[in-house]
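**Q** I would like to see how this sequence folds:
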Amino acid sequence: VSTQSTWGPRKVGTVSVKMALAFDEFGRPFVILREQESQIRLRGLDALKQNITAARAVSDILRSSLGPRGMDKMLVSPDGDVTITNDGATILEKIDVANEVAKLMVQLSKSQDDEIGDGTTGVVVLAGSLLERAEGLLDKGLHSIRIAEGFEQACEIAVRRLEEIAETIEVSLEHPEVLLRTAESSLNSKVVCRLKKQLGKICVDAILAVADVERKDVNMDLIRVDGKVGGCLEQTSFVRGIVLDKEISHPQMVKEIRDAKIAVLTCPFEPPKPKTKHKMDIATPEQYQRLYQMEQEYFLTQVQRCKDAGATLVICQWGFDDEANHLLMANKLPAVRWVGGVELELLAIATGSRIVPRFEELTEAKLGFAGSVREVHFGTSKDRMLYIEECRNTKAVTIFVRGGNHMIVDEAKRSLHDALCAVRNLVRSNRIVYGGGSAEIACSLAVQEAADKISSIEQYAIRAFADALDAIPTALAENSGLPPVECLTAVKAAQAKDGNPRLGIDCMNVGTIDMRQQGVYETLLSKIQQLRLATQVVKMILKIDDVIMSRA
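**A** As a prediction, the model looks like this:
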């Protein structure tokens, strides 16, 4: 059957409707795509440019937050919650992005955060710079596929150069100096940079406490970062154990227990209840008294089973009423109630206890052990927390953050997370490159040199990739109040002349551009991940040549 198709407006009655029509061999029309008037369609170069503009808009938001002198962003939610941060992943998570291509940049930052934990701002800035260079090449007439292929080749050249200039360092419990400098480099760009030495040491202590250095494995689930408003950042502490935002259930129970044997329960201290709807009629005082005595027997039996197992502290997932609380106090058995499921699991890991779902199953073998359990008061308020220390499994630790308000505490927790991830990555792979934009400049020089040896049209895209890499040191210089062009030119010339890949931007005005002397490190793992993730997202955006959007 031969068909002839046409696009454009057609008169239907008195209404002009834009739709896709085709005609069969008898000249009868039929509709291919319905409701064309309710759709917006962009094709070819227009679609590419719109996508690039949307993605670059997201990248420009984060550009001023890059580096140790980067600016912070204040984000206000519809509920009035205020967040002040310069963490790329947090900024993009909090802002409401409507454009679908812009959401790819948000997901790019989240991928970097999930996999590496650090470098979330740099990866988005790099992707935006690549798209800016790609737009220039599209204006010159290069096909988007050839640009994407050139970027892929350039990325592999840059990765090989990173592996060449990377240095292997020794990671050990006896010599944590390099780990400390890595943590401090990560904290240097945060709000809490004033205390980078103290917080960096806390991060290294936490990682080394849970790390298996021989297997190069770190279980981050064993590190709990908790915080409480009050005090100041200097009071942030590292606890070799668990900190619970709970208190001993009765004010007359003992507040400090040595060599505690802990029963971890997920069953409530109360008489059993039928699962179906029920009704009980009590007609006489004798019946009420009998019911009361039965409840007392249930409570006493439950308390006695805990005592018989040898428990000196009961931690319960559920609550219990005043009657049970009084009987626990009378039997000199301290208790904690309403402990969440995640905290309960971590507590069981730390103390070596088994989570018991029924009182009948409680035995001495299922009890956990902690050398010290104490209730700590804060300031003049009624805030109390429970410190469980000297546990059987010393690999479960807590970082307890203090701060003057919720914003400071939340930002400190985010900063500590990034520093913990940076140290963890170094334990997993003990190869480093130097920061301050030195690695990007070294890769840019290597990619530029490789482009001169390529005769195909991809050489333009490879050169554009080299120019895009310069966006990182340029942004570092801009955010530090330095002349970006002069700084970049001077450092690039020095690297090309001396062949020293450690030369970068002196953001902190130390007086030297050698990043080894400044002690600014980044993990090789993080830098390679940034390059590859940014290139993959840019390739994905460049391969979209048709956008069909339905009007709301």
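
**Q** got any ranges where the stretch 301-450 of the chain has weak pLDDT?
**A** By pLDDT under 70, the low-scoring segments of the stretch 301-450 of the chain are 380-381.

**Q** what about the helices in it?
**A** 322-330, 341-351, 406-428, 438-451 (DSSP state H, counting those that start in this stretch).

**Q** for the stretch 151-300 of the chain, same thing?
**A** So, for the stretch 151-300 of the chain - with DSSP H, counting those that start in this stretch - the helices run 177-187, 196-210, 285-309.

**Q** of all the helices of the stretch 301-450 of the chain, which one is nearest residue 53?
**A** helix 438-451 (24.3 Å; C-beta to C-beta). C-betas here are computed from N, CA, C, even on glycine.

**Q** next, the buried residues of the closest one.
**A** For helix 438-451, a neighbour-count test (16 or more other C-beta atoms under 10 Å) marks 438-448, 450-451 as buried.

**Q** go on, stretch 356-364?
**A** 356, 359, 362.

**Q** with stretch 131-142 instead?
**A** 131-135, 137-138, 142.

**Q** can you check stretch 501-508 too?
**A** Buried-residue list, stretch 501-508, by 16+ other C-beta under 10 Å: 501-507.

**Q** can I get the buried residues of stretch 356-364 in TSV with distance to residue 199?
**A** As requested, the buried residues of stretch 356-364 are exported to TSV (distance: C-beta to C-beta, whole Å):
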residue	distance to residue 199
356	38
359	44
362	41
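
**Q** of the buried residues of stretch 501-508, closest to residue 150?
**A** residue 501 (23.5 Å).

**Q** how about residue 549: what's its closest non-neighbour residue?
**A** residue 40 (4.6 Å; C-beta to C-beta, 6 or more residues apart in numbering).

**Q** next: residue 167.
**A** Nearest-residue entry for residue 167: residue 432, 5.7 Å, with adjacent residues in sequence omitted and distances by C-beta to C-beta, 6+ apart.

**Q** in contact with the one you found, which residues?
**A** 166-167, 169, 178, 182, 426, 521-524 (C-beta atoms under 8 Å, 6 or more residues apart in numbering).

**Q** with residue 146 instead?
**A** Residues near residue 146 by C-beta under 8 Å, 6+ apart: 457-458, 461.

**Q** next, it: phi, psi?
**A** The phi and psi values for residue 146, taken as degrees, to the nearest 10, are phi -70, psi -30.

**Q** let's number from 11 now, not from 1
**A** From this message on, residue numbering opens at 11, which makes the last subject residue 156.

**Q** and it, how close does it get to residue 472?
**A** Taking C-beta to C-beta, to the nearest Å as the measure, residue 156 and residue 472 are separated by 11 Å.

**Q** residue 104 now?
**A** Residue 104 sits 36 Å away from residue 472 when distances are taken as C-beta to C-beta.

**Q** quick one on the thing from earlier: dump the helices of the stretch 311-460 of the chain to JSON lines, plus distance to residue 326.
**A** Listed next are those as JSON lines, based on distance: least, C-beta to C-beta, whole Å:
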{"stretch": "helix 332-340", "distance to residue 326": "10"}
{"stretch": "helix 351-361", "distance to residue 326": "9"}
{"stretch": "helix 416-438", "distance to residue 326": "27"}
{"stretch": "helix 448-461", "distance to residue 326": "52"}
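
**Q** go through those and name the closest to residue 539.
**A** Minimum separation from residue 539 across the helices of the stretch 311-460 of the chain (C-beta to C-beta) falls at helix 416-438, 9.3 Å.

**Q** returning to what we had before: please identify the deepest-packed of the helices of the stretch 161-310 of the chain.
**A** Greatest average neighbour count among the helices of the stretch 161-310 of the chain goes to helix 187-197 (a mean of 24), per mean count of other C-beta atoms under 10 Å.

**Q** what's the mean pLDDT across it?
**A** The average pLDDT within helix 187-197 is 86.

**Q** quick revisit: for the buried residues of stretch 366-374, which one is nearest residue 330?
**A** Nearest to residue 330 among the buried residues of stretch 366-374 is residue 369, at 12.4 Å by C-beta to C-beta.

**Q** roughly how far apart are the closest one and residue 520?
**A** Residue 369 is 64 Å from residue 520, by C-beta to C-beta.

**Q** next: residue 450.
**A** Taking C-beta to C-beta, one finds residue 450 at 19 Å from residue 520.

**Q** residue 189 too?
**A** Counting by C-beta to C-beta, the gap from residue 189 to residue 520 is 21 Å.

**Q** how about residue 78?
**A** Taken as C-beta to C-beta, the span from residue 78 to residue 520 is 11 Å.

**Q** now do residue 303
**A** Computed as C-beta to C-beta, the residue 303 to residue 520 distance reads 78 Å.

**Q** one more: residue 345?
**A** Applying C-beta to C-beta to residue 345 and residue 520 gives a distance of 55 Å.

**Q** which of those two has more residues huddled nearby?
**A** residue 345 (23 against 13; other C-beta atoms under 10 Å).

**Q** before we move on, the earlier item: select, out of the helices of the stretch 161-310 of the chain, the one closest to residue 558.
**A** Among the helices of the stretch 161-310 of the chain, helix 187-197 sits nearest to residue 558 (C-beta to C-beta), with 42.8 Å.

**Q** helices or strands up against the closest one?
**A** helix 206-220, helix 416-438, strand 531-533 (3 or more C-beta pairs under 8 Å, 6 or more residues apart in numbering; DSSP states H and E).

**Q** may I see the buried residues of the next helix-or-strand element following the shortest one?
**A** Next in sequence after strand 531-533, counting helices and strands by DSSP states H and E, comes helix 534-552. For helix 534-552, the buried set under the neighbour-count rule, 16+ other C-beta under 10 Å, comprises 534-549, 551-552.

**Q** check stretch 56-65 too.
**A** Buried residues in stretch 56-65 (16+ other C-beta under 10 Å): 57-58, 61-62, 64-65.

**Q** JSON lines for the residues you listed, including pLDDT?
**A** Below are those laid out as JSON lines (pLDDT from 0 to 100):
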{"residue": "57", "pLDDT": "86"}
{"residue": "58", "pLDDT": "89"}
{"residue": "61", "pLDDT": "89"}
{"residue": "62", "pLDDT": "92"}
{"residue": "64", "pLDDT": "90"}
{"residue": "65", "pLDDT": "91"}
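
**Q** so which of residue 104 and residue 472 has more stuff around it?
**A** Comparing residue 104 with residue 472 by other C-beta under 10 Å, the one with more neighbours is residue 472, at 26 against 15.
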